[in-house]
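J.: Build me a structure from this.
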Amino acid sequence: MTPRLPQSLAALTLATLLGGCASVGVGFGIPVGPVSIGVGASNHGVSLGVGTGVGPVGVGVGVDQGGRVNAGVGVGTSTEIGNSGVRAGVGVGTGTTIYDPNKPNR
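T.: The predicted model follows:
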């Protein structure tokens, strides 16, 4: 089996990006048209996101359990779970918080 980065890894990658710091995480994504909806976990917590990817590169946006909206980019690999269309993978990336409800607007 050749590792590859599907669109679902973009959502996974986003999950690794919480707090604007590079980290490593794991997650699951379900393809929906040209994007994937995924949930992931890293040492920064849990995130729900949407993303897309081409080759080993993924991009996405998501919301963590604190209500922060994060955007990021990363690389990784994933594999399909059976014939379900659901993929599990790992990735590394970097990102930034683009909205934090706990910080006043500047």
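J.: What is the three-state secondary structure of residue 84?
T.: coil (DSSP: H, G, I helix; E, B strand; the rest coil).
J.: and it, how many neighbours?
T.: 8 (other CB atoms under 10 Å). (Glycine included, C-beta is placed from N, CA and C.)
J.: how many neighbours does residue 78 have?
T.: Residue 78, neighbours per other CB under 10 Å, totals 27.
J.: And for residue 55?
T.: Going by other CB under 10 Å, the residues that sit close to residue 55 add up to 8.
J.: Extract the residue ranges of this protein that are flagged as low pLDDT.
T.: 1-25, 106 (pLDDT under 70).
J.: change it to 50
T.: 1-8, 10-20 (pLDDT under 50).
J.: Break down it into its helices, ranges please.
T.: 7-15 (DSSP state H).
J.: mind listing the strands for it?
T.: 23-32, 35-42, 45-54, 57-64, 69-80, 87-99 (DSSP state E).
J.: could you dump those strands to TSV with distance to residue 105?
T.: Formatted as TSV, the strands of the chain follow (distance: least, CB to CB, whole Å):
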stretch	distance to residue 105
strand 23-32	27
strand 35-42	27
strand 45-54	23
strand 57-64	18
strand 69-80	14
strand 87-99	10
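J.: Could you report the neighbour count for the residue lying closest to residue 80 once chain neighbours are set aside?
T.: Spatial nearest neighbour of residue 80, excluding adjacent residues (CB to CB, 6 or more residues apart in numbering): residue 87 at 5.3 Å. Counted with other CB under 10 Å, the neighbours of residue 87 add up to 25.
J.: correct me, but residue 87 touches residue 76?
T.: No: assessed by CB atoms under 8 Å, residue 87 is found out of contact with residue 76, at 10.6 Å.
J.: How much space separates the residue nearest to residue 26 when sequence neighbours are not counted from residue 100?
T.: Of all residues not flanking residue 26 in the chain, residue 90 sits nearest, at 5.4 Å (CB to CB, 6+ apart). Distance of residue 90 to residue 100, given as CB to CB, to the nearest Å: 27 Å.
J.: Next, the buried residues of stretch 45-56.
T.: Residues of stretch 45-56 classed as buried by neighbour count (16 or more other CB atoms under 10 Å): 47-53.
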